[in-house]
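[1] kindly return the folded structure for what I paste below:
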Amino acid sequence: MSRPGGRPPSPPADGQVCALVAVDIAGFTRPDRDNDIRRYLHEELYRVLQKAFDGSGIPWASCCHEDRGDGVLIVVPPGITGKGIIDPLPERLRNLIRLHNHVCRSAAGIQLRAAAHIGPVDHDGHGFIGSDIDFLFRMLEARPLKRALTSSGPELALIVSDYVHVNVVCRYPSLVSPDAFRPVRFQVKYTRARAWVYLPGTSSPSAAYLPHEAITPEAARLCQGPPGQRIADPEDPDVASWHDRSMSASGPPPRCFVAKR
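    So this is what the prediction gives:
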């Protein structure tokens, strides 16, 4: 949606519920990247984001975004459906990053961590604030997400909140199969929570997140479970039933359960 004079959209506020996305370039300050490369990566990140959002039915010009140096916070206005953050946005981002990495030297390659959540936001005139914004960035720093990005070298690793998983992924399985998401628990600062990690383009969830040698017979047993149940996380000592009935009065579809020990 264009605006006269290129004026930015008015930021949502007063607790409006919005789809939230945060992204971060992995290893942005690593030693083999000088200031010229970092500046190029910063510009390239915005080019990739704009193209991916526009191609996913989420007009970039209608979104509000805040720069975070090596990453970006994107707030999708409440009038735009949040389903696009699950499909096709992750796959479009992955394809654009893959093309970028194909034509660039290794020091300018991109691996992107991304987090998605839905919740109320406020704006104090300087930036977006609120517990849901804080939670979004806690997910972005979650160790399981970082491990997923380094273990198999994908272009993009996405983590979504339990709320997004229950109310978007499981309710609209035709977008992306719920089986493509791996349940994880994480702790960042004072936040302890569960979330779901997804690697676009990966066909085998368990193999994607654990090195081959780490998948022991015991871990494989824990990952199985009866037909129709989700894959459990063999790294998590607390794997049990992560079904959170408080997230929805009617509860998520049956495939949202994980295997018990």
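[2] tell me the average confidence for stretch 149-165?
    Looking at stretch 149-165 alone, the average pLDDT works out to 92.
[3] can you give me the end-to-end distance of that stretch?
    Between the opening and closing residues of stretch 149-165 there is a gap of 20 Å (CA to CA, to the nearest Å).
[4] wait, a helix at R182?
    No. Counting by DSSP: H, G, I helix; E, B strand; the rest coil, R182 falls outside a helix, being strand.
[5] give me the neighbour count for it.
    By the criterion of other CB atoms under 10 Å, R182 has 26 neighbours. For every residue, glycine as well, the C-beta is placed using N, CA and C.
[6] cool, L99 as well?
    That count, for L99 with other CB under 10 Å as the rule, works out to 12.
[7] stretch 22-41: how far from the chain's middle?
    Relative to the centre of its chain, stretch 22-41 is centred 19 Å away, using CA atoms, centre = their mean, to the nearest Å.
[8] what comes up buried for it?
    Residues of stretch 22-41 classed as buried by neighbour count (16 or more other CB atoms under 10 Å): 22-28, 33, 37-38, 41.
[9] shaky segments in the protein?
    Within the chain, the ranges that satisfy pLDDT under 70 run 1-7, 203-261.
[10] if we can go back for a sec, tell me which of the buried residues of stretch 22-41 fall in strands.
    Among the buried residues of stretch 22-41, the ones falling in strands (DSSP state E) are 22-25.
[11] out of those residues, who's nearest F53?
    Taking CB to CB as the measure, F53 lies nearest V23 of these, at 10.9 Å.
[12] the helix or strand that contains K146 packs against which elements?
    Under the assignment given by DSSP states H and E, the secondary-structure element containing K146 is helix 143-151. Contacting helix 143-151 under the criterion 3 or more CB pairs under 8 Å, 6 or more residues apart in numbering; DSSP states H and E are the following elements: strand 112-123, strand 156-161, strand 181-188, strand 191-198, helix 205-209.
[13] can I get the ones you listed in TSV including distance to P78?
    As requested, these are exported to TSV (distance: least, CB to CB, whole Å):
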stretch	distance to P78
strand 112-123	9
strand 156-161	17
strand 181-188	25
strand 191-198	23
helix 205-209	32
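[14] tell me the most buried of those?
    Of the helices and strands packed on helix 143-151, the one with the most neighbours on average (mean count of other CB atoms under 10 Å) is strand 156-161, at a mean of 26.
[15] go through the helix holding K146 and flag the buried ones.
    Taking 16+ other CB under 10 Å as the basis for neighbour counts, the residues of helix 143-151 that come out buried are 144-149, 151.
[16] and those, which two are furthest apart?
    Across these, no pair lies farther apart than L145 and S151, at 10.9 Å, counting by CB to CB.
[17] between the ones in strands among the buried residues of stretch 22-41, which is nearest F137?
    A22 (5.8 Å).
[18] hang on, Y172 packs against T81?
    No. The pair formed by Y172 and T81 falls short of the contact definition of CB atoms under 8 Å, at 10.2 Å.
[19] quick one on the thing from earlier: and the furthest pair within the buried residues of stretch 22-41?
    A22 and I37 (22.3 Å).
[20] tell me where the stretch 1-150 of the chain has helices.
    If DSSP state H, counting those that start in this stretch is used as the criterion, the helices of the stretch 1-150 of the chain fall at 35-54, 89-103, 131-140, 143-151.
[21] got those as JSON lines, with distance to T202 columns?
    Shown next, in JSON lines, are the helices of the stretch 1-150 of the chain (distance: least, CB to CB, whole Å):
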{"stretch": "helix 35-54", "distance to T202": "18"}
{"stretch": "helix 89-103", "distance to T202": "10"}
{"stretch": "helix 131-140", "distance to T202": "19"}
{"stretch": "helix 143-151", "distance to T202": "9"}
